[in-house]
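Undergrad: Give me the fold of what follows.
(one chain, ligands or ions: 2)
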Amino acid sequence: MNARKLLDDCFLHDSERMRHADCVALLTSRLSCVAAPEIVPLGAAPGRWLAAPVTAPRDVPLHRNSAVDGYAFAAPAPGSLPVSARIAAGVTAPPPLAAGTAARIFTGAPMPKGADSVAMQEDCTASEDGTTVTIPSGLKPGANVRQAGEDVAAGSTVLGPGTRLRPQDIAALASFGLAEVSAHRPLRIAVLSNGDELREAGAQIAPGQVFDSNRAMLKALAATLPVAVTDLGILPDDAATIEAAIAEAARSHDAILTTGGASRGEEDHIVAAIDRLGTRHLWQIAVKPGRPMSFGQIGDCVFLGLPGNPVAAFVCFLLYVRPALTVLGGGSYVEPTRFPVPAGFAVAKKKTGRREFWRGWLETGPDGRPVARKFARDGSGLISGLRQATGLIEAAEEVTGVAEGDLVSFLPFSGFGIDG
Ligand SMILES: Nc1nc2c(c(=O)[nH]1)N[C@H]1C(S)=C(S)[C@@H](COP(=O)(O)OP(=O)(O)OC[C@H]3O[C@@H](n4cnc5c(N)ncnc54)[C@H](O)[C@@H]3O)O[C@H]1N2
Ligand code: MOO
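TA: Ligands and ions are numbered 1, 2, ... in the order given. Next comes the predicted model:
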């Protein structure tokens, strides 16, 4: 008699599953940009990945100018001076300053030749009719003057390809006079949920059913990246339906994200669908939550199959989908910063061989320094833990437990583009 196969390979030992670092390395090294560059007006550029380096076409500031409202003069200040000119911001070519005089000048106005310093008006005494001014002594030569190119010199490369354009980058581009920029087009992403038990928010629900929270969550997570999302809805646990929907989506999307059906139970059809339609590069990771995650491709479309448990889907998006989409979209992927923080909690026992990501937040400890707190319950279905958390606490493969005061790695959600 044949021995009955007791364990599906869904239940691989952690030692046989891919480790976190290898999984990130696989996704970021084997994928490459598929998003062509396009010219984007500055107003539409925030959050996009830059496609070409940006070099400053001119000095910023363009001209030497006053940093304050006051009086321009040639140092050293000789006390009382006649006021020979008035230079407001917007004047393009002020006449040179007559020797032995001062010019009334305003913030941002170009410095006249012959002047090298500006005294703030609050520190000066002007005659009632404004024709003379007394400049205080002790001002350094060059005081209150902004030099041409002191912010950015013409010709310097300021932003490299792959930069995610932040508000301050947009400010820099605008300060160069650039009205548009070459950025990668948004990725086209399809999102679907799988499971007979799932119901659309707003619909009726019966015991045994669950509202689909993953799709709404994934769409919200996707909105932290420059992607255009197609919502493919909820698919039932039916192999043919799933296969047809995925095959169709793969023809017109750069990536497909699914949640649920990721294991190999009889009702889990996602992995089987990738195997039939394309190539599976990864399935099962030594990470909790997130064990049954899969990664593959169908033609040129990348497939990322996330577990159905909401916490696992969330964590997998941050740790794996985000890097994958960054690389596909033309971004430079940078690992989120891990902050070493003393644990304000204890975990008596942790399995070795797998990495765990706990939901946590920072609090001020008794000595005034931050300590990490952990959401007490680890269940992968508990959205409450995600809500209470402001980041993930990482427990590496070799960690066997955590005692209060041990240093743990804290990864704030802000490092994954989730603010607030
Ligand atoms: N016998 C075993 N059972 C399970 C194992 C295991 O190793 N042995 N692994 C568990 C882990 S870990 C996870 S994660 C889940 C992953 O399973 P699937 O991806 O196949 O997910 P489902 O079975 O479809 O769903 C799991 C859970 O999540 C709920 N769910 C699914 N989709 C959604 C959605 N869109 N919105 C809200 N909730 C959703 C679903 O109802 C289930 O409760 O498997 C464990 N089981
Ligand atoms: O590891 Mo599952 O992915 O815990 O929820």
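
Undergrad: rest of the way, CA atoms for contacts and neighbours
TA: Noted.

Undergrad: Just the element for the closest residue to residue 231 other than its chain neighbours, please.
TA: Closest residue in space to residue 231, ignoring its immediate chain neighbours: residue 191 at 5.3 Å, by Cα to Cα, 6 or more residues apart in numbering. When elements are assigned from DSSP states H and E, residue 191 belongs to strand 187-194.

Undergrad: how about the residues of the stretch 251-400 of the chain near ligand 2?
TA: 288-291, 307, 309, 312, 380 (Cα under 6 Å from any ligand atom).

Undergrad: Ligand 1 next: which of those residues are close?
TA: 290-291, 307, 309, 312.

Undergrad: Which members of the residues you listed define the maximum pairwise distance?
TA: 291 and 309 (10.5 Å; Cα to Cα).

Undergrad: what residues are shared contacts of these two?
TA: Both residue 291 and residue 309 lack any common contact, where contact means Cα atoms under 8 Å, 6 or more residues apart in numbering.

Undergrad: What is the burial count for the nearest residue to residue 124 once chain neighbours are set aside?
TA: Excluding the flanking residues, the one nearest residue 124 by Cα to Cα, 6+ apart is residue 135, at 5.1 Å. Neighbour count of residue 135, defined by other Cα atoms under 10 Å: 26.

Undergrad: Residue 135: what's it in contact with?
TA: Applying Cα under 8 Å, 6+ apart as the definition, the contact partners of residue 135 turn out to be 77-81, 119, 123-125.

Undergrad: which one of these has the most neighbours?
TA: Of all the contacts of residue 135, residue 119 has the most neighbours under the rule other Cα under 10 Å, reaching 29 neighbours.

Undergrad: Quickly find the element holding it.
TA: Secondary-structure assignment from DSSP H and E places residue 119 in strand 117-120.

Undergrad: Strands of the stretch 151-300 of the chain, start to end?
TA: 157-159, 180-184, 187-194, 198-199, 210-211, 227-235, 255-259, 279-283, 287-288, 294-298 (DSSP state E, counting those that start in this stretch).

Undergrad: picking that back up, the residue nearest to residue 231: neighbouring residues, count only.
TA: Under the criterion other Cα under 10 Å, the count of neighbours that residue 191 has is 23.

Undergrad: Walk me through the domains of the chain.
TA: Structurally, the chain divides into domains by automatic domain parsing as follows: 20-35+186-328, 42-46+51-59+159-183, 65-146, 339-416.

Undergrad: Now mean pLDDT too, for those domains, in TSV please.
TA: Output for the domains of the chain, formatted as TSV (pLDDT from 0 to 100):
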stretch	mean pLDDT
domain 20-35+186-328	96
domain 42-46+51-59+159-183	98
domain 65-146	97
domain 339-416	97
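
Undergrad: Nearest to residue 14, out of these?
TA: Ranking the domains of the chain by their distance to residue 14 (criterion: Cα to Cα) puts domain 20-35+186-328 first, at 5.0 Å.

Undergrad: Pull up the distance across that closest one, start to finish.
TA: Distances were taken as Cα to Cα, to the nearest Å; on that basis the terminal residues of domain 20-35+186-328 are 19 Å apart.

Undergrad: before we move on, the earlier item: let me know the distance separating the residue nearest to residue 124 from residue 68.
TA: Residue 135 sits 14 Å away from residue 68, going by Cα to Cα.

Undergrad: Equivalent analysis for residue 210, please.
TA: Applying Cα to Cα, the value for residue 210 to residue 68 is 63 Å.

Undergrad: for residue 47, same thing?
TA: Separation of residue 47 from residue 68 (Cα to Cα) stands at 34 Å.

Undergrad: Kindly report the same for residue 328.
TA: In this structure, residue 328 lies at 47 Å from residue 68, with Cα to Cα as the measure.

Undergrad: again with residue 178
TA: From residue 178 to residue 68 the distance is 27 Å (Cα to Cα).

Undergrad: Looking at those two, which has the bigger crowd around it?
TA: For residue 178 versus residue 68, neighbours defined as other Cα under 10 Å are more numerous around residue 68 (20 against 16).

Undergrad: quick one: the helices in the stretch 1-150 of the chain?
TA: Here the stretch 1-150 of the chain has its helices, by DSSP state H, counting those that start in this stretch, at 20-30.

Undergrad: Show me where it has its strands.
TA: Taking DSSP E, counting those that start in this stretch, the strands of the stretch 1-150 of the chain run over residues 37-41, 54-55, 65-66, 70-73, 80-87, 102-105, 117-120, 125-126, 132-134, 145-146.

Undergrad: Output the longest helix belonging to this protein.
TA: Among the segments of the chain that qualify as a helix by DSSP state H, the longest is helix 239-252.

Undergrad: For that helix, buried residues please.
TA: Taking 16 or more other Cα atoms under 10 Å as the basis for neighbour counts, the residues of helix 239-252 that come out buried are 242-243, 246-247, 249-250.

Undergrad: So which of the residues you listed is the closest to ligand 1?
TA: residue 242 (13.0 Å; Cα to the nearest ligand atom).

Undergrad: Run through the residues that contact the closest one.
TA: Going by Cα under 8 Å, 6+ apart, residue 242 touches 235-236, 269-270, 273.

Undergrad: Ranking by neighbours, what's the top pick from these?
TA: Greatest neighbour count in the contacts of residue 242, by other Cα under 10 Å, goes to residue 270: 26 neighbours.

Undergrad: distance of that one from residue 257?
TA: Note on residue 270: its distance to residue 257, by Cα to Cα, is 11 Å.

Undergrad: what touches both of the two?
TA: Counting by Cα under 8 Å, 6+ apart, the residues touching both residue 270 and residue 257 are residue 305.

Undergrad: Having no further points to raise, I will conclude here.
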